[in-house]
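# could you look at this predicted model? Sequence included:
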Amino acid sequence: MTDAHSVIERGTTETRGDEHVLRFTIRLPHPVPRVWAAVASSEGLARWLGAADPFEPYIGGAVTLRLAPAGQETEVRTVSGTVTAWDVERVAEYTLDSGRGRTRFHLEPPRGEEVVLRFTNEFRGDDARRLDRLTDWHSRFERLADALDGEAAAGPDRPPAGWRELRESYGADDGGKQF
């Protein structure tokens, strides 16, 4: 299995009251079309995040995700929303119901063999929810890296190895929290 930790930098958060913005920078040694397909197609999302059906790839399009368990969750969660930004091979943004908020994937132009994916997730909740989300996304991005590397065990139903330890480490350094 690929050492996904080498490409997944620790996430950070900005917090104002109960509003949080999570940020991740993920460096992926894959071509833009491959990374784009992983974050902006129903087939790609199914390999690491969860099934996406319907998935209408245009601004205003419907999206329903069946999110596989990431950490403390034990069952698949279904969340619906709308595509709120779409720029092919550059930006895919989904605003989801059920408190999931706005989720944005922004691909930067490649630097040699590497694509930089900048991710943000804006939502409301208490500090425990912020740390859970930070840990969940980190774990999911490890799955994304594995899926892009062709790892057979990269499916979204893979148990989250080390989730609790990762959550504790984010809690210990306060998840890179900025005010």
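Everything's here; your move.

# please make it C-alpha for all contacts and neighbour counts, starting now.
Noted.

# next, the residue nearest the centre of the chain: secondary structure please.
Centroid check for the chain by C-alpha atoms, centre = their mean gives Trp137 as the closest residue, at 4.8 Å. At Trp137 the chain is in helix, as set by DSSP: H, G, I helix; E, B strand; the rest coil.

# and if you look at Tyr58?
Secondary structure, three-state DSSP: Tyr58 is coil.

# and it, what are its phi and psi?
For Tyr58, the backbone dihedrals (degrees, to the nearest 10) come out as phi -160, psi 160.

# could you find the closest non-adjacent residue to it?
Trp86 (5.9 Å; C-alpha to C-alpha, 6 or more residues apart in numbering).

# run a quick neighbour tally on that neighbour.
20 (other C-alpha atoms under 10 Å).

# residue ranges in this protein under the pLDDT threshold?
Applying pLDDT under 70 to the chain flags the ranges 1-7, 69-74, 152-161, 175-179.

# state the distance from the residue of the chain positioned farthest from its centre to Pro31.
No residue in the chain sits farther from the centre than Gly112, which is 23.5 Å out by C-alpha atoms, centre = their mean. In this view, Gly112 and Pro31 are 10 Å apart by C-alpha to C-alpha, to the nearest Å.

# likewise for Arg16?
Arg16 is 36 Å from Pro31, where distance means C-alpha to C-alpha.

# neighbour-wise, which of these two wins?
Between Arg16 and Pro31, counting by other C-alpha under 10 Å, Pro31 is the more crowded of the two (14 against 11).

# is Leu166 in a helix, a strand, or coil?
Looking at Leu166 with three-state DSSP, the answer is helix.

# contacts only, for it.
Counting by C-alpha atoms under 8 Å, 6 or more residues apart in numbering, Leu166 touches Thr135.

# the protein: strands as residue ranges?
In the chain, the strands defined using DSSP state E lie at 12-16, 19-28, 50-55, 62-67, 77-87, 91-96, 101-107, 115-124, 177-178.

# quick one: buried residues of the second one?
It stands for strand 19-28. 20-28 (16 or more other C-alpha atoms under 10 Å).

# likewise the third one?
Residues 50-53, 55 are the ones in strand 50-55 that count as buried (16+ other C-alpha under 10 Å).
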